[in-house]
Structures are given as structure tokens and as C-alpha cells.
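Enquirer: need the 3D shape of this:
(chains A and B)
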Amino acid sequence: MEQIISIKPLLAVLVSLCVIPILVSASKQPNVREGWTFCAGTIKFILVLSMLPAVLQGKQIVFSLFEIAPGAALAFRVDGIGMLFALVASFLYIITSMYSIGYMRGLDEHGQTRFVSFFALAISATIGAAFSSNLLTLYVFYEILSLATYPLVTHHQDAKSRVSGRRYLSFILGTSIGLVLPAMLYCYHVTGTLEFSTAGIFAGQLSKPAATVLLLMFVFGFAKAGIMPFHSWLPAAMVAPTPVSALLHAVAVVKVGVFSIVRVITGIFGVELLASFNLGIVIASIAAVTILVGSCIALSQDELKRRLAFSTISQLSYIVFGVALLTPKGLLGGIVHIGMHAFGKITLFFCAGAIYVATGKKYISQMDGLGKKMPITYTALFIGALGVIGLPPSGGFFSKWYLILGTLETGHQILMLVLLLSSFLNAFYFLPIVYKGFFGTPPDTQEGEPVKMEEASFCCVVPLVITAIISIVLFFWPDVFVDLIKVGLGI
Amino acid sequence: MNTYPALLIVAPLLAALFTGIFVWIEERLCYPIAVLGMLISSFSAYKILMAVLSAGVIHYRHAGWAPPMGIEYRIDTLNAMVLLLITLIALINLVASYKTILVETPDRSGSFITIYLLFVVGLLGVTATGDLFNLYVLLEITSLTSYAQIGLGDKDRGPLASLNYVFIGVIGASFYLLGVGYLYIKTGSLNMMDVATIISTMHDSNTVLVAFILCMIGVWIKMALFPLHVWLPNAYSYAPTAVARVVAPLMTKVMVYVMVRLMITVFGFDYIFSTLDLSAAVVWLATIAILAGGLMALAQKDLKKMLAYIIVSEIGYMVGGAWLGNTTGMTGTILHILNDAVMTFALFLAVGNMIYVCGHVGFDNLKGLFGRMPWTMGGFVLAAFSIIGVPPTCGFFSKWYLVLGAFEAGAYHFAAALIISSLICAILFFRIFEIGFFPEPSDGDDHAHAHHEPAVMVEAPVSMLVPLGLVSLSLIIVGLYSGTIVNTIILPMLQ
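Expert: Residues are numbered from 1 along each chain as shown, chains lettered A, B, ... in the order given. As a prediction, the model looks like this:
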């Protein structure tokens, strides 16, 4: 495979890191500060985009920084899968930055400079994880991301966020230090390398029991993926301001978790090794449980953001599930869901935040009839819901289609039933919100009284319109994502 | 070139003499003289490291006497690194302590500086010397000066803590001296290389065995290996700020260096790991030390005390790594001497700033500290991450080698202890962060953020912030260059 040495991956990581001192120094001038945020976000996206053509041609862009030990360096390598993830994350960062302005100013939040600074740090770490060329680098950025998001989750600095922050960190840091770190070191001890390669790194040095233990340590250890029973940090993290929930807990943080699992399965163990040990089905079953249980819990949640959180837990496991099928279509469906779910779910979070900014309502039971006041938001909510359920015309349909084909390839029909059942559950917990929003009666209005439009501010509404539209566009043109994955997996 | 090893030690020694005189004449001149002495010393240490890297081991014979009769300084990459570390930490601490010395020892600042310089001279000598008895002498200079410095601390408890330290320190030194005595009886030499050559032919001698064990116990007492640690927490937490900041990162680490030196140069891997069968027991002891240190740290209510117990736990890392019996583990130990010194120094610098501003660092006094002292807390956070072992700070990379060494040796309990210790440290430090980050719990108000008032910044003076900033950033730089450090400094020592 042809490799190009270029500093671009490093620059793409560093750009929002370097802008942090400027953000801090501009803390008294919010508009200047936000201007710099956009600047950095746009440069980052352009840098990522400029690498796209080469990656689509099947080349890899590499850049090596520091050799820590032989075979374990801090190094970047941009391939198709990493590109897909970086593209989605860096694009949505720009949109979310706009949304943050509307949200944070709309609610007159404190500590906005701290907020945008740690946000920039978090997105830097996300891109770093996407471009990691080996497990060590991935781990480094994974940890930075865990810590950078703590001040974002606990932004309100009240008793509730204190408890949630504690839960957040103890799950995420506890698993990464307690499970991933020893597993990674053991891999290095056995093989002397941590470099991702499609053939895996073990070359027959691993027995089946050892492989099982290591794989489970990785899958549960990357707790950002929200595999049960290490999922409960995600609903807790919903105390954060909504832009954080939207970008980090629907796109960046959780997807880094899933992405890490994808990398471990495809790059460390290798699909063939896992297939020969028959371990894919183990992971798929674990994911299937999370898919169904997560959806069921989501049904019972009344707080909108918590319902979205449990929906995310269940959807993340789709990705793990697809990859664990170890078939080409399953891998494709799973990985493409990283992108498809991102656009759908971020739209839903944006809507939840917009509703909160405009009306102060957090609970679904209070939202009857709200669709008449906020038609744009509710239309976007509907589209986002379609994307997550996996119905046309939304990009989510596409990933679900491939996932189902993947289950058929494995010959385990019961796995297909899991997906179908989950889709029903998704529909059950999303569509009533939309239905009641448009056709329900608001508790405080009389029958027949004209309803005034009360949308949230411009900065809140535009982002959710954009993400909703893209979510539909991806149904018609998923080619870029699909090509990237095919290039990345070599299929 | 060959004058630098002398200059390294003579510069602070002369500075100490002059400050001792100027105390009576013009006390204000003591501080600049000390800084000048440390600057020359640091520069020499830097030159020595460069020379060793390019030209190999430096031998310096005092007054031209050839070993084994005369005293020889023998500097290879390992002690060149430790020497640079000592001089830089002593220099930076001196700069950072400009204000605290005047506050904490107002009428004795000149005498304090004199003792401080002598302490540094002792540390440098211990590290540079190639002579077993000379090492003892310098070790006692170091210890005596550190007793005196610690005694200057907390009015009520400082002297008692120091007395405790004196008793135990003397016992430790006696063990070491006794060990050296046995070696001298057997070999008739005190020069390390000479002794090493002679005992390589007498591996089955009981005298050498006793000498080895006595030396090790002596060194372990001095470095506060659990359960010989009881003197350390009080001594470190009741010492004056300027002292705690230099004793905590350097004293124990230099003792670990002495242990490593005895193991790799004097007795040799072959003797320790092939002839003797002690390594499993010592690794278990280290495992217990790590966990015990962490658990005792959990019980503390004062930041300084907590850090002191973390040091006890870190000593376990280094002893265990050295005794795993493989190159990877020893690499981890040596790398951790460097890393632990830098991160402990950063932590104590931050704590010094807190004490300067807030008076004391009991947990109840740390509320809202992120708002009041954002820069200090920033440095503190980086250092804490390094202790926890979060990449890319340096603490992660020494842990990397230590855990790999444990896997290689099959010492899975030691690897587990290292991982658990990371988790304990995460709890310890995030407890502090929580106290510092969250204001007083408000009365069940959902919109607590509405009441946030911008915190009033009361930062430490710039002369204390800049050193902290430099040291905490160097945590990341040292971390990123660990590969280079291992390849150029540590591995040549172990082949």
C-alpha cells in the first residue's frame, strides 16, 4: 500500500490545541473568542478534507513523532476508516460550535471560555484518535479525551454534576486503566508491536483462551462504547450542557470508544484470527444484549436527553455488533453507522437543546403540542428519529440494510431478529414524541387558539436544520463513506 | 573538560562557605551567591552529561591519587543524568523559594541557604562517587543537613519529626557502613569497580552475602521502603516548603540510585539474580509497599501527607522494577528515578504555592482553588496525571517499562499492583480536583450556575509560578522523549 509522509495529520490534531491560549486570552471578548473557534474548526476541517482524495485513491498518509519503545511510537496514519471518523467529527465540530453560541448565550451560562477551551481540546484528541497508527497512540488520545471532557460534563459545578462527574470518570478512567492498559501491554509483551494491520499482529502466538480474555478486556475496557454493564456513565453525563451531549456524547467520545473497538478487532486481532477462534459471535451476543436492553430502558425514560442517551447506548452496540459479525457487509454496515448515526443523533440532541432553550422543558411528558410552536425543530426531530430508527429517506436506513445483510451472511438468523426488534423499539420510543408534538394539545392553551411560533435563536436552529438535511442527503449519496470503508478494509 | 566533575561539587561547596561567612556580614548577599553556585554546578552537570554521551565514562581522581588507594569519581550516563537532575531541581527550587525562605525562616535565611547548599553537595557527591566509603561519608553529610533543614519547619512538630528521622537515618547509615565494612574485610578495597572485580570470583562467600544484605537494608531504610518508611511522612510534611520541595523529589530517588548502582556495578546481575534467590521475595515486598502506600495515602486529610504516602508507594515501583531481574524492569526503575523526581518536584512546587497563598493544605482549605489559583492548579493537574500514569506525561512511560518487565519476569502480582496503584492515585487526585473545582454545595438549587460569581484570583508570585510552569511542561517533554532517554542513557548502562 502506497504511503505518503505528510505533516497534515499532525496539523489537523494540533490546530485546535494551539488556538486554546488565544481563546483564553480573548475571554473578555466573546465574539473574538468564537471567531477563533470557527477559524480553528474550519482550518481543521479543510486539513482533513485535503487528505480525502489521496485516501480515496487507496493511499495512506503517515507521520511519525516519537518512538517510545521499539514498535510503539506516537505516530499517525490516515486510512479510510480513520478518515471517515475524522471527517464526521471535524465537520460536526463546526456546526456544534455555532450551536454552542446559541445555547450557551441563550442560557447565559458561566465559564464559557473554559467551556470552549476544553471543547477544542476534546476535538483535538478525537482527531488524534481517528488518525492513530497504533494502539499506543490511540490510547494516548483516548485518555486525553476522557480527562478533557470531565470539566465539560461537570460544567454546572453543582451537586448533581459532581456526582455525575464522579461516575463518568470512574467508569471511563477505571476501565481504561484497569482493563485496556494491561491488555495493551500484554499484546506488546507477546508481539513487540502495537501497529494496526489488517492481518492482525499476533501471527499465531495466541491461544484461544488468551485471545478471549484479551478481547473481552478490550471490548469492556473501551467503556466509551457503552457496552453494558459499563454504560451507566452515559446517562449520567447528560447533566452536561447540550452541545456537549450532542457532539461528545453522540459523536466524538462515544464513537472514539466504538472506533477503538473496531480498530482492535480489525487491526490488532484481525478478522481472520477472530473468525477462526469463533469469537465474533461472542462479541455480537454481548452487543445484541446491549442493543435490546438499551432500547427497552430508553422506552421508560421521560427526560428527553436521558432517552436519547439510552438510545445512543443501544445504537453504539449496532456498530460493535456489525463489526463483530466479521463479514464484509457486517463490517461495512457497522462502520458506516459511525457516520450515519452521528448525523441522526446529533440532530436529535440539537432539538432537545433547542426545546430547552426556547421553553425550559426537559421532560417528554411536558412536550405535548410543542411541534406547533416549534415546527422547524420538530421536523428536524422527525428526520433525526428516522435516521436512528433506520427508515428511508435517511442515512440510517443504509447502515441498517448492510447490518441485516451481514447477519444473513453469518447464517445466524436470530441476529437479524435482534436488529428488527430493536428497530421496532426505536420507533416506539421516538415516534410518539414527534406525534404528540404535532398533534397533542399543549396543556396551557385553549382549543382553537392560534399558536405562535417560538423557535429557539437563529444559532440554535440553523445547525439542526443542516444536520437534518445532511442526514437525508446521506441516504441518496452514501458513496464517500462506503468508498472510504472499502479502502480502509481493503474489500 | 576534566575540571567539570570538580567544579560540579566545588561550586556549591564554595558558595556554602561564602554564604556561611556572609551571614555575619551582609545576609542579603547569601541568596545571589547561592544561585550563582548552583548555576555553575548545573552548567557543569550539563557539560558532563554531554561529554559522557559523546566520549563515554569519565574518571576523576581526587588529588591525582589512583584507585584503589585514592578516591575516584566515576561518571557514566546513569549518574550523569542523576547529577543534572539534582542540580536543576536544586537550582529551580532555589529560585522558587526566594519568597518562602523569607516567610518561613525570616531571621535565619542565610544559615538556611548554607545548609541547603551543603545538602546539595552531599547529594551530588553520593551520586558522582565511585568509592563505597566516600559514598557513606557524603550520605551522612546529606542526612545531617536534611535533619537540620527539616527541624527548621513546623514549630511544634518539625523538631520531633526531624528527631525521628535522625534515629532511623542513623540506623540505616549504620547498616550500610557495616555492609561496606564486611566488603572491605573480604576484598581489601573500597573502590566500586575494584570491589566488583574481586567479588566476581567469590560468589559463594557468606561474607559477601551478608555485606550485600546489610547494604540493601541500609539503603532501604534511607529510601523509606515499606515497612521501613515510618519516618518519611512526618519529616516531609512538617519540613519548610523550600526543604520539602527538594528533599521529597531528590533524597529518596538518590537512594534508589545508590541501590541501582550497588546492584548493577558492584554486585552485578549475575550474583544477585543467579546466585542469590531473593528476587521473588523482594518483588513481593515491593508489591505490598505499593499497595500499602496507596491505601495509607487514601486515609490522609492533608495534601502534603497524602503526597508523602504516594512517595512511599512510588518507592515500591522502583524497588520492584529493579528486582524483577530483567533489563526491562531495570530500565523502568531508572526511568522512574528521573520521572518520579520531576513529577514529585512539580507536585511539591504546586503545594508550596498553595501554602504560600492559603496557609495550609488540609483538604478543607482547598475549596474553590481552581478559580483562585488557576495556574498553580494547572501545574498540579499535570503532575497529578503523571503520577496516575496518564499519557503523554512521563509517569505513563516508566510504568510502561515496569509493567512490561513484570510480564517478562512472570511477576503478575507486581503488574497488578502497578495498575491498582494507578487507580488509587486517580481516586486520590480526583478527590482533590473535586474539592478544588466545585464550590460549596448549594441548597438543592437546580440552577446553581446562575449564582456563579467570577472567583477572585489570588495567585502565587511569578517567581513561584514560572518554575512550576517549566517543570510541569517538562513532564510532557520528558515523557515524549522517553524513547530517546532509554536508548541513549539507560540501555548502554545495562548491556
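Enquirer: what about residue A:56, how many neighbours?
Expert: Residue A:56: 16 surrounding residues under other C-beta atoms under 10 Å in any protein chain shown. Every C-beta, even on glycine, is put in place using the N, C-alpha and C of the backbone.
Enquirer: in the stretch 51-200 of chain A, what residue comes closest to chain B?
Expert: Closest residue of the stretch 51-200 of chain A to chain B, C-beta to the nearest C-beta: residue A:158 (3.6 Å).
Enquirer: which phi and psi does that residue have?
Expert: Phi and psi for residue A:158, reported as degrees, to the nearest 10, are phi -110, psi -180.
Enquirer: what's around it, how many residues?
Expert: Using other C-beta under 10 Å, residue A:158 has 23 other residues around it.
Enquirer: with residue A:391 instead?
Expert: For residue A:391, using other C-beta under 10 Å, the count is 17.
Enquirer: how about it: what's its closest non-neighbour residue?
Expert: Once flanking residues are discounted, residue A:391 sits nearest to residue A:397: 5.8 Å by C-beta to C-beta, 6 or more residues apart in numbering or on different chains.
Enquirer: ok, back up a step: state the pLDDT value of the residue of the stretch 51-200 of chain A closest to chain B.
Expert: At residue A:158, the model reports a pLDDT of 82.
Enquirer: looking at this, the residue nearest to residue A:391 is in a strand?
Expert: No: using DSSP: H, G, I helix; E, B strand; the rest coil, the assignment for residue A:397 is helix, not a strand.
Enquirer: do I have it right that it meets residue A:475?
Expert: Yes: using C-beta atoms under 8 Å, residue A:397 is in contact with residue A:475, at 6.1 Å.
Enquirer: next SSE downstream of the strand or helix carrying residue A:209?
Expert: Here residue A:209, judged by DSSP states H and E, is contained in helix A:208-221. Note on helix A:208-221: by DSSP H and E, the next helix or strand toward the C-terminus is helix A:233-236.
Enquirer: packing partners of that following helix?
Expert: helix A:159-175, helix A:304-324 (3 or more C-beta pairs under 8 Å, 6 or more residues apart in numbering or on different chains; DSSP states H and E).
Enquirer: may I have it as PDB, with CA atoms only?
Expert: C-alpha atoms of helix A:233-236 as PDB (Å, rounded to 0.1, in the frame of the first residue of the first chain):
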ATOM      1  CA  TRP A 233     -21.800   6.900  32.700                       C
ATOM      2  CA  LEU A 234     -23.500   8.000  29.600                       C
ATOM      3  CA  PRO A 235     -26.900   8.800  31.000                       C
ATOM      4  CA  ALA A 236     -25.000  10.400  34.000                       C
END
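Enquirer: neighbours of residue 23, just the number please.
Expert: No chain was given, so I picked chain A. By other C-beta under 10 Å, the residues close to residue A:23 number 24.
Enquirer: wrong one, I was asking about chain B
Expert: 18.
Enquirer: residues from the stretch 101-250 of chain A in reach of chain B?
Expert: A:108-111, A:136, A:139-140, A:143-144, A:147, A:151, A:154-159, A:162, A:165-166, A:169, A:173-174, A:177-178, A:181-182, A:185-186, A:188-189 (C-beta under 8 Å from any C-beta of the partner chain).
Enquirer: got a ChimeraX select line for the buried ones in these?
Expert: What follows is the ChimeraX syntax for the buried subset of these, where burial is set by 16 or more other C-beta atoms under 10 Å in any protein chain shown:
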select /A:109,110,111,136,139,140,143,144,147,151,154,155,156,157,158,159,162,165,166,169,173,174,177,178,181,182,185,186,188,189
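Enquirer: check which helix or strand covers the closest residue to residue A:91 other than its chain neighbours.
Expert: Using C-beta to C-beta, 6+ apart and skipping residues adjacent in sequence, the residue nearest residue A:91 is residue A:45, 5.7 Å away. Using DSSP H and E, residue A:45 falls within helix A:30-50.
Enquirer: pull out the buried residues from that helix.
Expert: A:33, A:34, A:36, A:37, A:40, A:41, A:43, A:44, A:45, A:47, A:48.
Enquirer: and of the residues you listed, the nearest to chain B?
Expert: Chain B lies nearest to residue A:33 out of these, by C-beta to the nearest C-beta, at 15.8 Å.
Enquirer: any idea which residue of the stretch 201-350 of chain A lies closest to chain B?
Expert: Nearest residue of the stretch 201-350 of chain A to chain B: residue A:241, at 9.4 Å (C-beta to the nearest C-beta).
Enquirer: hang on, the earlier thing: nearest to residue B:224, of the buried residues of helix A:30-50?
Expert: Closest approach between these and residue B:224, by C-beta to C-beta: residue A:40, at 47.5 Å.
Enquirer: just checking, that closest one touches residue A:120?
Expert: Yes: Residue A:40 is within contact range of residue A:120, at 6.6 Å (criterion: C-beta under 8 Å).
Enquirer: now do the shared contacts for these two.
Expert: The contact sets of residue A:40 and residue A:120 overlap at A:16, A:19 (C-beta atoms under 8 Å, 6 or more residues apart in numbering or on different chains).
Enquirer: check the gap between whichever residue of the stretch 151-300 of chain B sits closest to chain A and residue B:409 for me.
Expert: Nearest residue of the stretch 151-300 of chain B to chain A, counting by C-beta to the nearest C-beta: residue B:294, 13.3 Å away. Remark: distance between residue B:294 and residue B:409 (C-beta to C-beta, to the nearest Å) = 22 Å.
Enquirer: so where does residue 181 fall, helix or strand?
Expert: Chain wasn't specified; assuming chain A. Using DSSP H and E, residue A:181 falls within helix A:181-191.
Enquirer: hmm, I had chain B in mind actually
Expert: Under the criterion of DSSP H and E, residue B:181 resides in helix B:158-187.
Enquirer: show me which positions of that helix end up buried.
Expert: Here helix B:158-187 shows B:158-159, B:161-162, B:164-166, B:168-169, B:171-173, B:175-180, B:182-183, B:186-187 as buried, counting by 16+ other C-beta under 10 Å.
Enquirer: what of stretch A:268-287?
Expert: So, applying 16+ other C-beta under 10 Å, buried residues of stretch A:268-287: A:268-271, A:273-275, A:277, A:279-287.
Enquirer: with stretch A:51-65 instead?
Expert: Buried residues in stretch A:51-65, counted by 16+ other C-beta under 10 Å: A:51, A:52, A:54, A:55, A:56, A:59, A:60, A:61, A:62, A:63.
Enquirer: filter those residues down to the ones in strands?
Expert: Using DSSP state E, the subset of the buried residues of stretch A:51-65 located in strands is A:60, A:61, A:62, A:63.
Enquirer: correct me if wrong: the last one contacts residue A:76.
Expert: When you say that, I think you mean residue A:63. Yes: using C-beta under 8 Å, residue A:63 is in contact with residue A:76, at 4.7 Å.
Enquirer: give me the common contacts of those two.
Expert: A:9, A:10.
Enquirer: can you give me phi and psi for residue B:465?
Expert: For residue B:465, the backbone dihedrals (degrees, to the nearest 10) come out as phi -80, psi -40.
Enquirer: let me redo that: residue B:411
Expert: Per degrees, to the nearest 10, the backbone of residue B:411 is at phi -90, psi 70.
Enquirer: tell me the contacts of it?
Expert: B:280, B:283, B:320, B:324.
Enquirer: could you do residue A:54 as well?
Expert: A:4, A:61.
Enquirer: okay, now residue A:241: neighbour count?
Expert: 21.
Enquirer: does it really touch residue A:106, like I thought?
Expert: No: between residue A:241 and residue A:106 there is no contact under C-beta under 8 Å: 10.7 Å.
Enquirer: and the next helix or strand past the longest helix along chain B?
Expert: Scanning chain B for the helix with the most residues, using DSSP state H, yields helix B:327-358. Under the assignment DSSP H and E, the closest C-terminal helix or strand after helix B:327-358 is helix B:369-372.
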